[in-house]
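In: Starting from these lines, generate the structure:
(one chain, ligands or ions: 1)
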Amino acid sequence: MTAPGRLVVWGAGELGGRVARAWAAAGGEALGFTASDTRHAALAADGVTPHVGAPTDHLTEADALLFAVPGSGRQLAAVEALVAAGVAPPARAVLIGTTGYYGAHPRGTVDADTPPGVTDRARTAAAAEAAFRAWAGDAGVILRCAGLYRPGRGPVSALQRRGLAPEGPPDKTLALIHYDDAATAALAALRHPAPQPVYVAAVPPCPTRQAFYIAACVLLDLPSPRFTAPVGGVPAAYDVRPLLSDLLPTPAHPKWQEALVPA
Ligand SMILES: NC(=O)c1ccc[n+]([C@@H]2O[C@H](COP(=O)([O-])OP(=O)(O)OC[C@H]3O[C@@H](n4cnc5c(N)ncnc54)[C@H](OP(=O)(O)O)[C@@H]3O)[C@@H](O)[C@H]2O)c1
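Out: Numbers count the residues shown, from 1 in each chain. Model prediction:
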């Protein structure tokens, strides 16, 4: 595939904005679509052309598209809007999916072929992926992203706001990826000549909830976290070898402890 000259980012927020900026910095044309104009001045200052709303009237078959609208329900609606408008898929389309696809407590090895979980969230994620796949066909790449973080955003910031660790079992894997690494992987997926259809996008080693929240509560000087009963069995081990081989050979943020930064 020849590298597409123009990138359309639907959902040019934290992650989509990073990818759009990197595309523009490399000399490409980048359009960034958002729900409001809050981020527009910052996007424009970095060479990204901002728009409010959907890219339905802008997208051409020669473009690359990054789908980073937040939440699987909104992603499903966004794909359905493209289909309803008769928009043809572009040369490459990358969907920012979620490891929420695997349900509440996946166990054992989890890879691109692991079936979706049975929670409402997992079902919606699977429906968004299926609609995206049906529309984009072979041009589509899905990154099932783990929890995204950067200083000031992510699980530690949420803990700081709430003052209490969320309820949950101690032996669940908390898969994480820094925004910068997710952006690097998304950019590589947009440019890769022959990517896999689906990647699990987490940076190992992943902590358990117990390891993460004990360390986070010490950091924030909060009461020790309380956990529900363990799930048992083998905590999820996310197979990220395809990600590391194709899209993210050298994560810039390889240690989950980097997520332990207060806002
Ligand atoms: N956060 C996580 O831990 C996590 C984990 C896995 C996957 N993901 C996925 O990662 C992606 C990026 O997340 P993020 O943290 O970068 O999100 P974000 O910072 O909230 O950015 C989302 C962007 O989408 C825009 N937007 C929302 N609805 C829209 C619509 N209907 N039409 C056009 N633009 C719309 C927002 O506009 P405004 O700027 O006007 O608000 C914002 O710019 C999302 O797809 C999310 O589902 C997140």
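In: Pull up the residues of this structure that are close to the ligand.
Out: For the chain, the residues in contact with the ligand (C-beta under 6 Å from any ligand atom) are 10-16, 33-36, 38-39, 53-54, 68-71, 74, 96, 98, 145, 147-148. Using the backbone N, CA and C atoms, a C-beta is placed for each residue, glycine as well.
In: Looking at those, which are in helices?
Out: Per DSSP state H, helices hold the following members of the residues of the chain next to the ligand: Glu14, Leu15, Gly16, Arg74.
In: Please name the residues that touch Thr38.
Out: Going by C-beta atoms under 8 Å, 6 or more residues apart in numbering, Thr38 touches no other residue.
In: Ok, Gly47 next?
Out: For Gly47, the contact set (C-beta under 8 Å, 6+ apart) comprises Arg21, Ala24, Ala25, Ala30.
In: Out of those residues, which end up buried?
Out: Buried by 16 or more other C-beta atoms under 10 Å: Arg21, Ala24, Ala30, out of the contacts of Gly47.
In: Helices of this protein, start to end?
Out: Under the criterion DSSP H, the chain carries helices at the ranges 14-25, 40-45, 72-84, 120-136, 155-162, 179-191, 209-220, 241-246.
In: I'd like the ones you listed laid out as JSON lines, including mean pLDDT and distance to Ala202.
Out: Formatted as JSON lines, those follow (pLDDT from 0 to 100; distance: least, C-beta to C-beta, whole Å):
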{"stretch": "helix 14-25", "mean pLDDT": "98", "distance to Ala202": "14"}
{"stretch": "helix 40-45", "mean pLDDT": "98", "distance to Ala202": "27"}
{"stretch": "helix 72-84", "mean pLDDT": "97", "distance to Ala202": "17"}
{"stretch": "helix 120-136", "mean pLDDT": "98", "distance to Ala202": "15"}
{"stretch": "helix 155-162", "mean pLDDT": "95", "distance to Ala202": "13"}
{"stretch": "helix 179-191", "mean pLDDT": "98", "distance to Ala202": "9"}
{"stretch": "helix 209-220", "mean pLDDT": "96", "distance to Ala202": "13"}
{"stretch": "helix 241-246", "mean pLDDT": "98", "distance to Ala202": "8"}
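In: Out of these, flag the one nearest Val234.
Out: The stretch from the helices of the chain with the least distance to Val234 (C-beta to C-beta) is helix 209-220; that distance is 14.9 Å.
In: Only the buried residues of that closest one, if you could.
Out: For helix 209-220, by 16+ other C-beta under 10 Å, it's Arg209, Gln210, Ala211, Phe212, Tyr213, Ile214, Ala215, Ala216, Cys217, Leu220.
In: Can you tell me which of these is closest to Ala131?
Out: Closest approach to Ala131 among these (C-beta to C-beta): Arg209, at 31.0 Å.
In: ok, that closest one touching Asp171?
Out: Yes: Arg209 is within contact range of Asp171, at 7.5 Å (criterion: C-beta atoms under 8 Å).
In: now stretch 51-65, how far from the centre of its chain.
Out: Computed by C-alpha atoms, centre = their mean, to the nearest Å, the separation of stretch 51-65 from the middle of its chain amounts to 20 Å.
In: What would it look like as CSV? C-alpha coordinates only.
Out: Listed next in CSV are the C-alpha coordinates belonging to stretch 51-65 (Å, rounded to 0.1, in the frame of the first residue of the first chain):
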residue,chain,number,x,y,z
HIS,A,51,-13.6,20.5,12.4
VAL,A,52,-16.7,19.9,14.6
GLY,A,53,-18.8,16.8,14.0
ALA,A,54,-18.5,13.9,11.7
PRO,A,55,-16.1,13.6,8.7
THR,A,56,-18.8,12.1,6.5
ASP,A,57,-18.6,14.8,3.8
HIS,A,58,-14.8,14.8,3.9
LEU,A,59,-13.6,11.3,3.8
THR,A,60,-12.3,10.0,0.5
GLU,A,61,-11.0,6.5,-0.6
ALA,A,62,-7.5,7.9,-0.7
ASP,A,63,-7.5,8.9,3.0
ALA,A,64,-6.4,7.1,6.1
LEU,A,65,-8.9,7.2,8.9
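In: All set now, cheers.
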